[in-house]
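Peer 1: below: sequence and its predicted model.
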Amino acid sequence: MDEWIADRFASGMTIEKKENCIMKPASPALRAILAGPQFFMADCYSFTLVDGTVARYTTADQDIVDAATSHVFSSKGPFFERSKVKFQVGVQVDELDITLTAGPNDMIDGVPWMSALRGGALDGAEIQLDRAFMANFGDTSAGLLTIFAGRIAEVDAGRTQATIKANTHLELLTLQMPWRLFQPGCAFTLYDGRCTLSKASFGVAAMINAGSTDFVANTNLAQTVGWASLGTMTFTSGALANKSFTIREHDVGGVLKPVVPFPVPPAAGDSCIVYPGCDKQQSTCQTKFNNLAHFGGFPYVPVPETAV
């Protein structure tokens with residue numbers, strides 16, 4: 001069990017590292033399994049993408065079904081190798097390094113793993129690593145033990161192999177404080193509580209036209225060029241229904257270019273709702289959204305060269 005001492009599970013619900021002792025709860029059923037003469041183990045990975053898609057995999061040679069949630073961890077997919085997991089007392093950010101090897105037929109959200117990684121599919125994604133302990137293979141009635149939970153920090157993807165680095169959520173403690181600085185651009189997030197605008201009230205229904213690809217959505221959007229840049233589009237029908245994408249550029253003729261390629265090209269006739277984006281400038285807040293009273297920037301702060 002890596003650096004852990006198994007008999008600590010049976011005697012005191014404790015996972016003990018050689019250097020430190022970290023309390024980790026374990027159910028009576030799990031303690032009974034660990035106290036037995038033998039048991040099976042399998043790592044179970046859960047990747048939660050920013051669009052809500054969850055991909056689950058296991059290192060076992062057969063699918064693992066979590067008895068508590070009915071979640072299925074697929075044995076068919078990429079091959080995972082990972083670093084050891086360590087638990088530390090304090091606020092130090094723990095890390096997990098994963099080496100992922102995938103072939104062209106290994107898909108995530110409808111896209112080959114390597115292409116998805118190079119396209120930023122794991123940007124902002126969360127990862128959870130559970131371990132299944134089973135007295136009999138496939139029997140997860142004792143529950144899965146979570147040994148790591150955090151966010152994807154870095155991805156380095158090659159042709160068939162990628163290195164993924166993840167940090168625990170303690171990484172959020174490294175955010176700069178105070179979070180709001182004196183800067184020309186608005187510090188608020190469009191449609192949040194400080195911006196006060198209602199996203200639903202700005203949505204515009206649009207239809208996909210012929211000729212769309214993985215990288216371009218041709219639409220009948222009639223708004224002026226740039227209106228949807230930095231905004232989002234949510235599909236309401238077709239193969240991409242209920243999926244949202246950030247728009248990198250709104251070009252002439254209602255052409256929308258996503259930041260991350262579509263998993264599949266939108267089909268002619270698919271419907272979507274398009275929401276405008278904001279470049280955080282005062283003029284945009286005033287003319288595009290009529291929300292100057294809630295502008296969160298300081299456009300008249302002098303640059304350092306003119307301050308005396």
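Peer 2: Done, it's in.
Peer 1: what segments of the stretch 51-200 of the chain are helices?
Peer 2: Ranges of helices in the stretch 51-200 of the chain, per DSSP state H, counting those that start in this stretch, are 113-118.
Peer 1: tell me where the model's unsure across it.
Peer 2: 87-90 (pLDDT under 70).
Peer 1: kindly list the longest strand within the protein.
Peer 2: Determined from DSSP state E, the single longest strand within the chain is strand 144-157.
Peer 1: buried set for it?
Peer 2: 144-145, 147-152, 155, 157 (16 or more other CB atoms under 10 Å). For the C-beta atoms, the positions are set from N, CA and C on the backbone; glycine is no exception.
Peer 1: need the contact partners of that strand.
Peer 2: 24, 26, 30, 44, 66, 68, 85, 94-96, 114, 117-118, 122-133, 162-169, 171 (CB atoms under 8 Å, 6 or more residues apart in numbering).
Peer 1: strand partners of that strand, parallel vs antiparallel please.
Peer 2: The pairing partners recorded for strand 144-157 under DSSP bridges are strand 126-134 (antiparallel), strand 161-168 (antiparallel).
Peer 1: would you mark the buried spots in the very next helix or strand once past the shortest one?
Peer 2: Okay, so that is strand 161-168. Note on strand 161-168: by DSSP states H and E, the next helix or strand toward the C-terminus is strand 204-207. Within strand 204-207, the residues scored as buried using 16+ other CB under 10 Å are 204, 206-207.
Peer 1: in this structure Asp279 contacts Leu230, no?
Peer 2: Yes. Contact criterion CB atoms under 8 Å: Asp279 and Leu230 qualify, at 6.2 Å.
Peer 1: which of the two has more neighbours?
Peer 2: Neighbours were counted for Asp279 and for Leu230 using other CB atoms under 10 Å; Leu230 has more, 18 against 14.
Peer 1: list the residues that contact the more buried one.
Peer 2: 246-248, 277-279.
Peer 1: cutoff 10 Å now
Peer 2: With CB atoms under 10 Å, 6 or more residues apart in numbering as the criterion, the residues that contact Leu230 are 190, 246-250, 259, 276-280, 284.
Peer 1: between which two of those residues is the distance greatest?
Peer 2: Of all pairs drawn from these, the greatest distance, 19.0 Å, lies between Val259 and Thr284 (CB to CB).
Peer 1: these two: who's more crowded?
Peer 2: Legend: neighbour count by other CB under 10 Å for Val259 and Thr284, higher for Thr284 (19 against 14).
Peer 1: excluding its backbone neighbours, what's nearest that one?
Peer 2: Excluding the flanking residues, the one nearest Thr284 by CB to CB, 6 or more residues apart in numbering is Cys278, at 5.8 Å.
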